[in-house]
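Engineer: Give me a 3D structure for the following:
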Amino acid sequence: MMAKIREGQLGFTFHNGWHASKYDDWAHYRQQFVRMMDGVKGVDILAISPSPSSCCWLVEVKDYRRHRRTKAIDLAVEIVDKVRNTLAGVAAAQIRASDPKEREAARRALRADNLRVVLHLEQPDNPSKLFPRAIDPAKVQMDLRRRVKAIDPHPLVIEIATQGRIPWDVA
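Structural biologist: Prediction:
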């Protein structure tokens, strides 16, 4: 059965054998982990590809087609914080999650043979003064590569137009 996840205006479809969920909707994350301290945030989607050589994908989705980015924090720094917090949350969830499905998903994620970091970044197709393409994906990717090298030496920054580099569909 295919896993389908909606994040804002985007729909993600993961093929048979994948285990994918909205990590920031997990009960463990919302009811336990974020209460540890202010500012704890996780990635949007946690997806584990099927074996052999399974891979845990940490996917953050940013869609600026209608609303500009207003946060002062650098985008790459924000993603790195979310990746770090997600990995810590998943490690805790494998033991402490009250939902057995979340506990099992965390175990699968931590048993994966590989970790990948993906920023799905949508910006206006036809930039205008009102909605410019203010973020350079190549610059963000280089910054992410430098910052998450110990987790994923080749993080991806993608959009619908470049989704051929990922093993799921986005519409």
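
Engineer: what about the closest residue in space to T86 that isn't next to it in sequence, neighbour count?
Structural biologist: Nearest non-adjacent residue to T86, counting by C-beta to C-beta, 6 or more residues apart in numbering: G42, 4.3 Å away. Every residue, glycine included, has its C-beta placed from N, CA and C. For G42, the count of nearby residues is 27 (other C-beta atoms under 10 Å).

Engineer: For R147, which residues are in contact?
Structural biologist: Contacts for R147 (C-beta atoms under 8 Å, 6 or more residues apart in numbering) come out as 76-77, 80.

Engineer: and which of the residues you listed is nearest to D136?
Structural biologist: Within the contacts of R147, the smallest distance to D136 is 11.1 Å, found for A76 (C-beta to C-beta).

Engineer: Verify the stated contact: that closest one with P137.
Structural biologist: No. Using C-beta atoms under 8 Å, A76 and P137 do not qualify as a contacting pair, with a distance of 11.0 Å.

Engineer: Secondary structure element for the residue most central in space within the chain, which one?
Structural biologist: Closest to where the C-alpha atoms of the chain average out (C-alpha atoms, centre = their mean) is V59, at 1.7 Å. V59 belongs to strand 55-63 when elements are defined using DSSP states H and E.

Engineer: That strand: partners in the sheet, and parallel or antiparallel?
Structural biologist: According to DSSP bridges, strand 55-63 forms sheet pairs with strand 45-48 (antiparallel), strand 114-122 (parallel).

Engineer: Which helix or strand lies directly C-terminal to it?
Structural biologist: helix 75-96.

Engineer: which strands and helices sit next to that following helix?
Structural biologist: The contact analysis (3 or more C-beta pairs under 8 Å, 6 or more residues apart in numbering; DSSP states H and E) places helix 75-96 against strand 55-63, helix 100-111, strand 114-122, helix 137-147.

Engineer: Name the residues that touch stretch 158-166?
Structural biologist: Contacts of stretch 158-166 (C-beta under 8 Å, 6+ apart): 10, 118-123, 137, 156, 169-171.
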